[in-house]
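J.: what's the 3D shape of this:
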Amino acid sequence: MYNKKVRYEYITMEESLPLFVESVGYNTQELNFRRPGGYPYYHWLQTIEGEGRFSFDDQEYILTKGRGILLKPFTPHTYLATSKVWSTIYVTFGGQSAESILESLNMDSSTLYTNLGDIQSEEIIKEMLLKIESDTEFSKLDLSGHLYNFIMKLRKYGKMNNQPSLSHLYDKVRHIVDWLEISYGEDITLDDMASHLNVSSQYLNRLFQNTFKVSPYTFLIQLRIRKAKEILLESPKLPLKNVAILTGFNDVSYFVATFKRKEGITPKKYRDIFALKKGRNAK
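T.: The predicted model follows:
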């Protein structure tokens, strides 16, 4: 990657940005650190070569190649080399929306990540370093984009505390989701969904909770509402009773009540609002 230590730290930061990079770098030989008060920003550290011992929250982790740790701000920690050579890359960051973004992605705890091959984190951080070298203090916006890309890939492909990655869960559940996209208008039960995937209903529920944070039935209801919204706008004269039947709601009253609970307005109001907008745009 580099043949010498490289570190860039911004003199000023765009703290109004949703995400900003505070520092980014590469260490040919990582130093031993003990931070009883933690670091004031989110801190990502990943091994490129060799290994080190990283401790936080009374837990100890060995960071070999392909492993990294994301720390929350002010998390007490220590780390030290356990091999002759321990090369690392790192990035520290914050931002107005950093906490809320990580919370929404279920990444709001200090965590060990493995299975980093598909993330291309080395390439992303190298791009950050090259961008700073060429544009110094004016590269903040570009680095925010690189940082967001890194976080998204870390969430999708990284294994948190050796749990299955999100992409692995997607692969498991994709078959049933594809089927529901076609069969949403049918009378479908939880057992039907489990049988289609050839698993137990309990396992299917855990799979959906881990992947989408909702139950299979809630996922189906949300899918039906999405399809209903499409039909409401594509067929403005179609009675609500027919829309309900087409999307698997056999009772129009239940359809209207569910739609209002999910969207905050009735199907008729939704149709009227967007029909009015369409009429204005046509003028």
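J.: any idea how far Phe259 is from Arg226?
T.: 11 Å (CB to CB, to the nearest Å). (Glycine included, C-beta is placed from N, CA and C.)
J.: isn't Phe33 right next to Tyr79, touching?
T.: Yes - proximity of Phe33 to Tyr79 meets the contact threshold set by CB atoms under 8 Å, at 5.6 Å.
J.: these two - which one has more neighbours?
T.: Tyr79 (23 against 13; other CB atoms under 10 Å).
J.: in terms of helices and strands, where is the more buried one?
T.: Element membership of Tyr79, judged by DSSP states H and E, is strand 77-94.
J.: helices or strands next to that strand in the packing?
T.: Packing partners of strand 77-94 (3 or more CB pairs under 8 Å, 6 or more residues apart in numbering; DSSP states H and E): strand 20-27, strand 33-35, strand 42-56, strand 59-63, helix 121-135, helix 140-157.
J.: low-confidence ranges in the stretch 1-150 of the chain?
T.: Scanning the stretch 1-150 of the chain for pLDDT under 70 picks out 1-3, 11-15, 136-138.
J.: how many other residues sit next to Ile151?
T.: Residues lying near Ile151 (other CB under 10 Å) number 21.
J.: how about the one 4 residues further on?
T.: For Arg155, the count of nearby residues is 20 (other CB under 10 Å).
J.: please enumerate the helices of the stretch 101-250 of the chain.
T.: 121-135, 140-157, 166-183, 190-197, 201-212, 216-234, 240-246 (DSSP state H, counting those that start in this stretch).
J.: what does the shortest one contact?
T.: With CB atoms under 8 Å, 6 or more residues apart in numbering as the contact definition, helix 240-246 has outside contacts at 185, 227-228, 231-232, 235, 250-252, 254-256, 267-268.
J.: of Phe259 and Arg226, which one has the most company?
T.: In this view Phe259 and Arg226 are compared by other CB under 10 Å, and Phe259 has more residues nearby, 27 against 13.
J.: three-state assignment of the more buried one?
T.: With DSSP: H, G, I helix; E, B strand; the rest coil as the basis, Phe259 sits in helix.
J.: quick check, it in contact with Lys227.
T.: No - Phe259 sits out of contact with Lys227 when judged by CB under 8 Å, with a separation of 11.4 Å.
J.: figure out the helix or strand that Phe274 lives in.
T.: Using DSSP H and E, Phe274 sits within helix 267-282.
J.: mind checking the pLDDT average for that helix?
T.: On average, the pLDDT along helix 267-282 is 74.
J.: start the count at 9, not 1, going forward
T.: OK, 9 is where the count begins now, so the last one is helix 275-290.
J.: tell me where the model's unsure across the stretch 159-291 of the chain.
T.: Filtered on pLDDT under 70, the stretch 159-291 of the chain yields the residue ranges 170, 284-291.
J.: closest one of the contacts of helix 248-254 to Pro172?
T.: Taking CB to CB as the measure, Lys235 is the one of the contacts of helix 248-254 closest to Pro172, at 29.1 Å.
J.: just give the nearest non-adjacent residue to the closest one, would you?
T.: The shortest distance from Lys235 to any non-neighbouring residue, by CB to CB, 6 or more residues apart in numbering, is to Thr255 (5.0 Å).
J.: can you report how many residues neighbour that neighbour?
T.: For Thr255, the neighbour count with other CB under 10 Å is 22.
J.: now the nearest residue to Thr96 once chain neighbours are set aside: phi and psi?
T.: Leaving out its chain neighbours, the residue that sits closest to Thr96 by CB to CB, 6+ apart is Glu38, at 4.5 Å. Phi and psi for Glu38, reported as degrees, to the nearest 10, are phi -60, psi 140.
J.: tell me how many other residues crowd the closest residue in space to Pro26 that isn't next to it in sequence.
T.: In space, Pro26 comes closest to Ser105 once its chain neighbours are excluded; the distance is 3.7 Å by CB to CB, 6+ apart. When neighbours are defined as other CB under 10 Å, Ser105 has 14 of them.
J.: ok, now the one 3 residues further on?
T.: Other residues within reach of Ser108, judged by other CB under 10 Å, total 12.
J.: okay, the helix or strand it falls within in CSV with CA atoms only?
T.: Assigned by DSSP H and E, Ser108 belongs to helix 106-112. Provided in CSV are the C-alpha atoms of helix 106-112 (Å, rounded to 0.1, in the frame of the first residue of the first chain):
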residue,chain,number,x,y,z
ALA,A,106,-23.0,9.9,12.3
GLU,A,107,-24.7,8.6,15.4
SER,A,108,-28.2,8.3,13.8
ILE,A,109,-26.7,6.7,10.6
LEU,A,110,-24.9,4.0,12.6
GLU,A,111,-28.0,3.5,14.9
SER,A,112,-30.2,3.0,11.8
